[in-house]
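Undergrad: return atomic coordinates for the entry below.
(2 chains)
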Amino acid sequence: GAVVSQHPSWVICKSGTSVKIECRSLDFQATTMFWYRQFPKQSLMLMATSNEGSKATYEQGVEKDKFLINHASLTLSTLTVTSAHPEDSSFYICSVGNSGALTDTQYFGPGTRLTVL
Amino acid sequence: GQQLNQSPQSMFIQEGEDVSMNCTSSSIFNTWLWYKQDPGEGPVLLIALYKAGELTSNGRLTAQFGITRKDSFLNISASIPSDVGIYFCAGQPNSGAGSYQLTFGKGTKLSVIP
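TA: Numbers count the residues shown, from 1 in each chain, chains lettered A, B, ... in the order given. Below is the predicted model:
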């Protein structure tokens, strides 16, 4: 299956700063990637679908201006948490699919733990 | 919006025992997904279900899409220590064009006693 990496693995930042998280598909060209977040000891939440060369599709309740997604190449999608606040602290995970469909085989990255002070 | 109830929240079982967990929804879903997550890692998609009544296996795992389309079950047979982790269900309604509206259950934490 696809190998997916995320960078950084963890990040601590001050409130008000912006943080960029990278998701790379190392051996697979992905036209679609997915971004999730997971609160401590809680369930996952699908945030958005990242489409290469076009705008991301955001799930209901996810602020587009707060969580900026850029999918500029077939191997890289970035999630930028703008003006981060403590409530944005979470585990952010990306995934890559074979066909671009969420319900097909997904390969998940190892996640990025964001802590906003 | 949709609500998913996943149970049990946690379970401790002896190695070799069978395990069963389920998710129920307040509304109809068109797709059910089951994931496993190890601590500190991203989840792994185990099984995807697309039709009411569908029964799908993946090794020792078997999942079923309930007839009412409001529930799904995951069974693990002959559990082994590496089955330890948190299992999440997720459901997707027929949302049409646009977002997936994927809803996750809160997870079942499985511990296997050797």
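
Undergrad: thought B:G42 was touching A:S95, still the case?
TA: Yes: the pair A:S95 / B:G42 is scored as a contact, 7.1 Å apart, by C-beta atoms under 8 Å. Glycine gets a C-beta too; all of them are placed from N, C-alpha and C.

Undergrad: overlap in contacts, these two.
TA: The contact sets of A:S95 and B:G42 overlap at A:4, A:108-109 (C-beta atoms under 8 Å, 6 or more residues apart in numbering or on different chains).

Undergrad: and the residue of chain B closest to chain A?
TA: B:G42 (3.2 Å; C-beta to the nearest C-beta).

Undergrad: surely that residue touches A:R113?
TA: No: in this structure B:G42 lies outside contact range of A:R113 using C-beta under 8 Å: 11.6 Å.

Undergrad: mind listing what the nearest residue to the residue of chain B closest to chain A once chain neighbours are set aside touches?
TA: Closest residue to B:G42 apart from its sequence neighbours, by C-beta to C-beta, 6 or more residues apart in numbering or on different chains: A:F108 at 3.2 Å. Taking C-beta under 8 Å, 6+ apart, we find A:F108 in contact with A:4, A:93-95, B:41-45.

Undergrad: which among those residues count as buried?
TA: Among the contacts of A:F108, those classed as buried by neighbour count (16 or more other C-beta atoms under 10 Å in any protein chain shown) are A:4, A:93-95, B:42-45.

Undergrad: and which of these is nearest A:T78?
TA: Lowest distance from A:T78 to these (C-beta to C-beta) belongs to A:C94, with 9.5 Å.

Undergrad: quick check: that closest one is in a helix.
TA: No: with DSSP: H, G, I helix; E, B strand; the rest coil as the criterion, A:C94 is assigned strand and is not in a helix.

Undergrad: contact partners for it?
TA: A:4, A:6, A:21, A:23, A:33-36, A:50, A:77, A:79, A:108-109.
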